[in-house]
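1. Turn this into a structure:
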Amino acid sequence: MKKILIIDDEIDLCILLKNFLIHKHFEVETSHKLGDGINQAKSFCPDIIFLDNNLPDSQGWSKAEWFLNELPSVCIYLISAFKSSVSLPINPRLKIIEKPLSLNQIEKLITLKHI
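-> Okay, the predicted model is just below:
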């Protein structure tokens, strides 16, 4: 079973995404802070990470390169309601998606990942 980690401080969004993805037969964990998400990523080893930028303890996107280096097969979807000026590494495993997210959009993303 493929694994997805959602790191976002919007609890309702996490619940909605988690329930949707569980019904699509994914194993899903959530975190509402970047520090907790980093720890979960180390032990959970997700195939996909949905990573919000504006988190209570830091800017999530600033750790995108760390996730890419530590988890060589992970695909990261950077999510945010605001455009960011953060410099991101050019990497085909890294994509930016803007809020609001739709379940159709999420389904297309995970289908494109060929999971």
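2. Just give me the residue right at the centre of the protein.
-> Taking CA atoms, centre = their mean, the centroid of the chain lies closest to Phe50, which sits 1.1 Å from it.
3. Now for the chain, the helix or strand with the poorest mean pLDDT.
-> helix 103-112 (a mean of 84; mean pLDDT, DSSP states H and E).
4. hmm, who's touching that helix?
-> The contact list for helix 103-112 (CB atoms under 8 Å, 6 or more residues apart in numbering) reads 4, 16-17, 20-21, 24, 26, 48, 77, 95, 97. C-betas here are computed from N, CA, C, even on glycine.
5. of these, buried ones?
-> 4, 17, 21, 24, 26, 48, 77 (16 or more other CB atoms under 10 Å).
6. follow-up on the earlier one: can you give me the buried ones in the least confident helix or strand of the chain?
-> Those buried within helix 103-112 under the rule 16+ other CB under 10 Å are 106, 109-110.
7. starting at the chain centroid, how far to it?
-> 13 Å (CA atoms, centre = their mean, to the nearest Å).
8. Could you do stretch 56-75 as well?
-> 9 Å.
9. Name the residues of it that come out as buried.
-> So for stretch 56-75, counting by 16+ other CB under 10 Å, buried means 60-61, 63-64, 67-68, 71, 74-75.
10. With that, I have no additional questions.
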